[in-house]
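S.K.: Predicted model and sequence follow; I will ask about them next.
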Amino acid sequence: MAKTKSKAIGIAVGAPKQACSDITCPFHGNLSVRGRQFTGTVISAKMRKTAVMEFERLHFIPKYERYEKRRTKLKVHNPDCIAAKEGDVVMAMECRPLSKGKNLVIIQKLGAQKGFLSRMEARESSKIEKPKKEESKEEDEN
Ligand SMILES: [Zn+2]
């Protein structure tokens, strides 16, 4: 098969405009997709050909008959022809295990998430101011 031509991957998504020479690309390589699909936001694209995708889901708590929000982070393969960046909303689909923690590949970019930067900044600022355990320890000894 010619490398410049993309193949159909079995589900109705358009092939990316660019071509790539990644052998683990569902459009230009030998990777086949199957199974589960996830849609989420890329929160890190610093690794080589790997991105971290995150999405929120609702988890039901029977005692209170209410839902809580939970976040799921997944490592996904990021082929050169798609090259998703931080803040992109992407659709990923299951494939064979590509590494210890990666068995999904991005198949489509759905656009940018609104307010992504301010959301990540807010999350970063809420992380600081944690190590204050020594004071409470002293109180326990008394
Ligand atoms: Zn490709």
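M.R.: Now that the structure is in, tell me what you want to look at. Residues are numbered from 1 along each chain as shown.

S.K.: Alongside the ion, which residues does the protein contribute?
M.R.: Residues of the chain lying close to the ion (C-beta under 5 Å from the ion) are 20, 25, 27-28, 79, 81. For glycine as for every other residue, the C-beta is placed from the backbone atoms N, C-alpha and C.

S.K.: So which of those wins on neighbours?
M.R.: Compared across these, C25 has the highest neighbour count, 27 neighbours, by other C-beta atoms under 10 Å.

S.K.: which element is the nearest residue to that residue once chain neighbours are set aside on?
M.R.: Excluding the flanking residues, the one nearest C25 by C-beta to C-beta, 6 or more residues apart in numbering is P79, at 4.0 Å. P79 belongs to no helix or strand when elements are defined using DSSP states H and E.

S.K.: just R119 next, same as before
M.R.: Using DSSP H and E, R119 sits within helix 116-127.

S.K.: Output that helix as PDB - backbone C-alpha positions only.
M.R.: Extracted as PDB, the C-alpha positions of helix 116-127 are listed here (Å, rounded to 0.1, in the frame of the first residue of the first chain):
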ATOM      1  CA  PHE A 116      -9.100  25.400  28.500                       C
ATOM      2  CA  LEU A 117      -6.200  27.600  29.600                       C
ATOM      3  CA  SER A 118      -8.100  29.300  32.400                       C
ATOM      4  CA  ARG A 119      -9.300  26.000  33.600                       C
ATOM      5  CA  MET A 120      -5.900  24.500  33.800                       C
ATOM      6  CA  GLU A 121      -4.500  27.600  35.500                       C
ATOM      7  CA  ALA A 122      -7.300  27.300  38.100                       C
ATOM      8  CA  ARG A 123      -6.400  23.700  38.700                       C
ATOM      9  CA  GLU A 124      -2.700  24.500  39.100                       C
ATOM     10  CA  SER A 125      -3.300  27.200  41.600                       C
ATOM     11  CA  SER A 126      -5.600  25.000  43.700                       C
ATOM     12  CA  LYS A 127      -2.800  22.400  44.000                       C
END
